[in-house]
Each structure stands twice: as C-alpha cells, then as structure tokens.
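> give me a 3D structure for the following:
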Amino acid sequence: MTIYPSEQGPGAVDLAYWSKADQFGDGGWRSSDSAPGLIIEYAEPELKCWMPMPAAELDHMTVPAWQGQSDEELDGSGI
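Numbering: from 1, shown residues only. Below you'll find the model as predicted:
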C-alpha cells in the first residue's frame, strides 16, 4: 500500500495486511513490521492506494544452486 506524506514523515510504500477486530480493538490495516505490543496501524485517510500481493508461481520456484561446495560443507560440519 502507498501512504500519503504527513507530519510523521514522507509518503512511503509498506507491506500491510488487513486485521480483523479482536477483543482489544477495531479491525484495520497493519504494517507487516508490527509485533505484539508494537502495532503499526494505518487509518483510512492515511492510505493513498493499495494492491494485492501477486500470486506465487510455484512452478518457477527453484532451490539455490550451491555450486563449488562439497556435501561436507553443506551439512553444517564447517560451523
């Protein structure tokens, strides 16, 4: 989502999610950087626009190539 510039700082793009209301508050947009006890929430007037995350293309995902390393190095023996 894109956030309008404000007194708090310049406009920014943030990865956020919609949180349903719970026993302690209302539902709303929360930053992915939020943590228990430190919730970063955006009010509707702060939001300029948003778009959904693109779907993952599971057929095109690959495991990293660990070229040039032996199996002994990959099993943690070098730690």
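
> contacts for stretch 30-40 next, please.
The contact list for stretch 30-40, computed with CB atoms under 8 Å, 6 or more residues apart in numbering, reads D14, L15, A16, Y17, W18, S19, E41, Y42. (Glycine included, C-beta is placed from N, CA and C.)

> wait, G27 touches K20, no?
Yes - using CB atoms under 8 Å, G27 is in contact with K20, at 4.9 Å.

> of the contacts of stretch 30-40, buried ones?
Taking 16 or more other CB atoms under 10 Å as the criterion, what is buried in those is D14, A16, Y42.

> turn the residues you listed into CSV, including secondary structure.
As requested, the buried ones among the contacts of stretch 30-40 are exported to CSV (DSSP: H, G, I helix; E, B strand; the rest coil):
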residue, secondary structure
D14, coil
A16, strand
Y42, strand
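
> just those now: which is nearest L58?
A16 (24.0 Å; CB to CB).

> what's across from the closest one in the sheet?
Note on A16: beta-bridge partners S31, judged by DSSP bridges.

> out of G27 and K20, which sits in the more crowded spot?
Neighbours per residue (other CB atoms under 10 Å) separate G27 from K20, with G27 holding more: 11 against 7.

> next one: the more buried one from A55, what distance?
24 Å (CB to CB, to the nearest Å).

> where does pLDDT dip in the protein?
63-79 (pLDDT under 70).

> which stretches in it count as helices?
71-74 (DSSP state H).

> now do the strands in it.
Secondary structure of the chain, counting by DSSP state E: strands at 2-3, 12-13, 16-19, 28-31, 41-42, 47-49.

> contact partners of the fifth one?
So the one you mean is strand 41-42. Contacts of strand 41-42 (CB under 8 Å, 6+ apart): M1, I3, D14, A16, S19, G28, W29, R30, S31, S34.

> likewise for the last one?
Strand 47-49 is touched from outside by M1, T2, I3, Y4, G11, W29, with contacts defined as CB under 8 Å, 6+ apart.

> quickly check these for the two that are furthest apart.
G11 and W29 (15.2 Å).

> who's more crowded, those two?
Taking neighbours as other CB under 10 Å, G11 and W29 compare with W29 leading, 19 against 11.

> thank you kindly, that will do.
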